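Novice: What follows is a predicted structure for the sequence shown.
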Amino acid sequence: MTKLVVVTAGLSNPSSTRILADQMAAASVTALEAGGLAVDVEVVELRDLAHAITDNLLTGFPSGALADALSAVAAADAVIAVTPVFSASYSGLFKSFFDVLQPDALDGKPVLMAATAGTARHSLVLEHALRPLFSYLHAVPVPTAVFAAAEDFGSRGLADRIERAAGELADGVLRRPRLMAADPFEDVTPFEELLGA
Amino acid sequence: MQFGIFTVGDVTPDPTTGRTPSEYERIKATVEIAKKAEEVGLDVFATGEHHNPPFIASAPTTTLAYVGAQTERIILSTSTTLITTTDPVLIAEDYAKLQHLVDGRVDLMMGRGNTGPVYPWFGKDIRDGIPLAIENYALLHRLWREDVVSWEGKFRTPLQGYTSAPRPLDGVPPFVWHGSIRSPEIAEQAAYYGDGFFANHIFWPASHTERMIDLYRRRFEHYGHGTADQAIVGLGGQAFMRKNSQDAIDEFRPYFDNAPVYGHGPSLEDFMAQTPLIVGSPQQVIERTLGFREYVGDYQRQLFLMDHAGLPLKTVLEQLDLLGEEVVPVLRKEFAALKPAHVPEAPTHASLVTARDAVVADLEEVSR
């Protein structure tokens, strides 16, 4: 079963960010299934985890539902990450979630990036803010990132971009060998090796 | 089983009065707290090590020697000694000297420190944290066990035919615990040497501590020091008590809400559910502490953090009365009844001397 995790940082309910996230998830499932994969989708709504994320920043450990969400991202085969644009960048809540994610959780993982904003003036946020973030986290953001201004929800062009990006995400998953993250408690480095390092 | 307290030596304003103690007051209070710990029947007093305000925990052996001169019985320890940024040659001298002065009532807990800039302050690089802990301790281990050491490593100047003085008391080095919140490498290090492993425990969920201790126990057995359940485990804990549990919660809440480390974050109730913090009646402290054994197994040392976050000295001393009179006697009895005979107690200077003499006698027997 291919695990697709959707991280969405919209604050209102319903939010256009969540609407975009759902459309991208649906297109990705279609593309992955076309490649012969069975897909399990899990949506992580950051609004519901906002207090827990702040607590994690202060205490250094994730509690309950946040711990589950972070584990889901770490175990995912692909991630869709969608943020509203705040003050010319991703939202603080969106960034904070990736700040508390364990550093190797996205290693080599295909990521589909998307953002929403009131107007098209913010569209390059995906390229100047999100893409460097995911590159830094050693993820593999697909070439097409999807930006939706309010007016785009009435245009055919958005659906085309979503379809194209979803296809790239599916290609990334199909090409990528399934990697299991090392468990530091099971795969312990023997002391002689530590001593010799 | 050993019971005691550990302090980080923070100088924190009392949030209920806004008053900040002076360094002088906090240093003297620490000594009072240590003496009280012995008076109420605790086994261990441990002090942390910090090299910056708002802490008064620098120069730990000065504090421990001063306390040692005014106490008879309590074991003096550290929580932790910075094995990363302190020259292991100095640690070897300082703690061997302390061992002589206080007739062997000394052990140490090694740690890496949690203040990033402490590395550059002492000419080190934080990215070398683990390699420093490993190389420095390997040298310290030899300095205490070999009379003449020639050594070369990456992080300090080489030694040629060097003898650390004074030699450890009775030729037996202080017992060492290795403390870590999150690094499996440190559990592995403790297991390799057959040293103790101390899980800070108090800042993280129990599931995390459980995995660290399990790793340490498995590897302790792997390295041939005994069975996994014979490994030497210590745990941190944190408690605030009043006869009536609601009084404890009401009184402690402002200290919790404004505490360094976790203040202004989760609620007191959430943090109690997520970590081993216990605020309530002495009976609740007893029950929760007995529960630690369910996920770490039979263990040897339980230290409580009792004096941080701006709690006034008077309150801390009251807490120690409750701990010593109502909690620890019950815990001693209950833990002892549960512990199988093959699980050892925490090593002390006396037990280490006895064990060493037994090995020597065996060798003499064989050579005859």
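Specialist: Now that the structure is in, tell me what you want to look at.
Novice: the strands in the stretch 201-350 of chain B, which residues?
Specialist: Remark: strands assigned in the stretch 201-350 of chain B by DSSP state E, counting those that start in this stretch are B:233-241, B:278-280, B:301-305.
Novice: go on, chain A?
Specialist: Here chain A has its strands, by DSSP state E, at A:2-8, A:39-45, A:78-86, A:89-90, A:110-117, A:140-141, A:146-149.
Novice: Mean pLDDT, distance to chain B and mean neighbour count added to these, as a markdown table?
Specialist: Any C-beta I mention is one placed from the backbone N, CA and C, and that applies to glycine too. Formatted as a markdown table, the strands of chain A follow (pLDDT from 0 to 100; distance: least, C-beta to the nearest C-beta, whole Å; neighbours: other C-beta atoms under 10 Å in any protein chain shown):
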| stretch | mean pLDDT | distance to chain B | mean neighbour count |
| --- | --- | --- | --- |
| strand A:2-8 | 97 | 22 | 23 |
| strand A:39-45 | 98 | 20 | 18 |
| strand A:78-86 | 97 | 23 | 26 |
| strand A:89-90 | 98 | 23 | 21 |
| strand A:110-117 | 98 | 26 | 26 |
| strand A:140-141 | 96 | 26 | 22 |
| strand A:146-149 | 97 | 34 | 23 |
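Novice: Make TSV out of those strands and add distance to residue A:16.
Specialist: As requested, those are exported to TSV (distance: least, C-beta to C-beta, whole Å):
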stretch	distance to residue A:16
strand A:2-8	10
strand A:39-45	14
strand A:78-86	8
strand A:89-90	15
strand A:110-117	5
strand A:140-141	21
strand A:146-149	7
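Novice: tell me which parts of chain A are close to chain B?
Specialist: Residues of chain A lying near chain B by C-beta under 8 Å from any C-beta of the partner chain: A:54-55, A:57-61, A:63-64, A:184-185, A:188-191, A:194-195, A:197.
Novice: Now the buried members of those residues.
Specialist: Listed as buried from those are A:54-55, A:59-61, A:63, A:184, A:188, A:191, A:194; burial here means 16 or more other C-beta atoms under 10 Å in any protein chain shown.
Novice: which outside residues touch whichever strand or helix holds residue B:144?
Specialist: Using DSSP states H and E, residue B:144 maps to helix B:129-145. Contact with helix B:129-145 is made by A:194-195, A:197, B:83-89, B:91-92, B:96, B:110, B:112, B:119, B:124, B:149, B:151, B:153-156, B:159, B:162, B:164, B:168, B:173-174, B:176, B:178, B:183, B:185-186, B:189, B:193, as judged by C-beta atoms under 8 Å, 6 or more residues apart in numbering or on different chains.
Novice: Nearest the middle, which residue of the chain would you pick?
Specialist: In the absence of a named chain, this looks at chain A. Nearest to the mean C-alpha position of chain A, by C-alpha atoms, centre = their mean, lies residue A:81 at 3.2 Å.
Novice: I was thinking of chain B, sorry if that wasn't clear
Specialist: residue B:79 (4.0 Å).
Novice: if I look at residue B:170, how far off is residue B:96?
Specialist: 11 Å (C-beta to C-beta, to the nearest Å).
Novice: again, but for residue B:255
Specialist: Noted for residue B:255: a distance of 38 Å to residue B:96, by C-beta to C-beta.
Novice: Could you do residue A:51 as well?
Specialist: In this view, residue A:51 and residue B:96 are 50 Å apart by C-beta to C-beta.
Novice: In terms of neighbours, single out the busier of these two.
Specialist: Between residue A:51 and residue B:96, counted using other C-beta atoms under 10 Å in any protein chain shown, residue B:96 has the larger neighbour count: 21 against 14.
Novice: any bit of stretch B:285-299 sitting next to chain A?
Specialist: No - for stretch B:285-299, no contact with chain A is found by C-beta under 8 Å from any C-beta; the gap never falls below 14.1 Å.
Novice: Go through that stretch and flag the buried ones.
Specialist: So, applying 16+ other C-beta under 10 Å, buried residues of stretch B:285-299: B:285-286, B:288-289, B:292-293, B:296-299.
Novice: would you list the residues you listed in TSV and tack on distance to residue B:64?
Specialist: Output for these, formatted as TSV (distance: C-beta to C-beta, whole Å):
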residue	distance to residue B:64
B:285	27
B:286	29
B:288	29
B:289	26
B:292	26
B:293	29
B:296	27
B:297	30
B:298	28
B:299	24
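Novice: Closest one to chain A out of those residues, please.
Specialist: Minimum distance to chain A across the buried residues of stretch B:285-299 is 14.2 Å, recorded for residue B:296 (C-beta to the nearest C-beta).
Novice: so that closest one makes contact with residue B:211?
Specialist: No - Residue B:296 is beyond contact range of residue B:211, at 10.4 Å (criterion: C-beta atoms under 8 Å).
Novice: Would you mind giving the strands of the stretch 201-350 of chain B as JSON lines with mean pLDDT, distance to residue A:171 and mean neighbour count added?
Specialist: Listed next are those as JSON lines, based on pLDDT from 0 to 100; distance: least, C-beta to C-beta, whole Å; neighbours: other C-beta atoms under 10 Å in any protein chain shown:
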{"stretch": "strand B:233-241", "mean pLDDT": "97", "distance to residue A:171": "49", "mean neighbour count": "25"}
{"stretch": "strand B:278-280", "mean pLDDT": "98", "distance to residue A:171": "53", "mean neighbour count": "23"}
{"stretch": "strand B:301-305", "mean pLDDT": "98", "distance to residue A:171": "53", "mean neighbour count": "25"}
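Novice: what's the neighbour count on the residue of the stretch 51-200 of chain B found nearest chain A?
Specialist: Nearest to chain A in the stretch 51-200 of chain B, going by C-beta to the nearest C-beta, is residue B:192, at a distance of 3.8 Å. Residue B:192 has 21 neighbours, counted by other C-beta under 10 Å.
Novice: mind checking pLDDT for it?
Specialist: With respect to pLDDT, residue B:192 has a value of 98.
Novice: Next, the buried residues of stretch B:21-28.
Specialist: Within stretch B:21-28, the residues that qualify as buried are B:21, B:26-27, counting by 16+ other C-beta under 10 Å.
Novice: Kindly report the same for stretch B:210-223.
Specialist: For stretch B:210-223, a neighbour-count test (16+ other C-beta under 10 Å) marks B:210-221, B:223 as buried.
Novice: One more: stretch B:104-124?
Specialist: Neighbour counts over stretch B:104-124 (16+ other C-beta under 10 Å) mark B:104-114, B:118-119, B:124 as buried.
Novice: Quick one: these as CSV, columns for secondary structure too.
Specialist: Below are these laid out as CSV (DSSP: H, G, I helix; E, B strand; the rest coil):
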residue, secondary structure
B:104, coil
B:105, coil
B:106, strand
B:107, strand
B:108, strand
B:109, strand
B:110, strand
B:111, strand
B:112, coil
B:113, coil
B:114, coil
B:118, helix
B:119, helix
B:124, coil
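Novice: I'd guessed residue B:149 sits against residue B:158; true?
Specialist: No - the pair residue B:149 / residue B:158 is not scored as a contact, 10.4 Å apart, by C-beta under 8 Å.
Novice: Residue B:198: helix or strand, and which one exactly?
Specialist: Going by DSSP H and E, residue B:198 is part of strand B:196-199.
Novice: could you say what helices and strands that strand packs with?
Specialist: Judged by 3 or more C-beta pairs under 8 Å, 6 or more residues apart in numbering or on different chains; DSSP states H and E, the packing partners of strand B:196-199 are strand B:175-180, helix B:184-193, helix B:206-222, strand B:233-241, strand B:301-305.
Novice: Can you get me a residue count around residue B:269?
Specialist: A total of 12 residues lie near residue B:269 under the criterion other C-beta under 10 Å.
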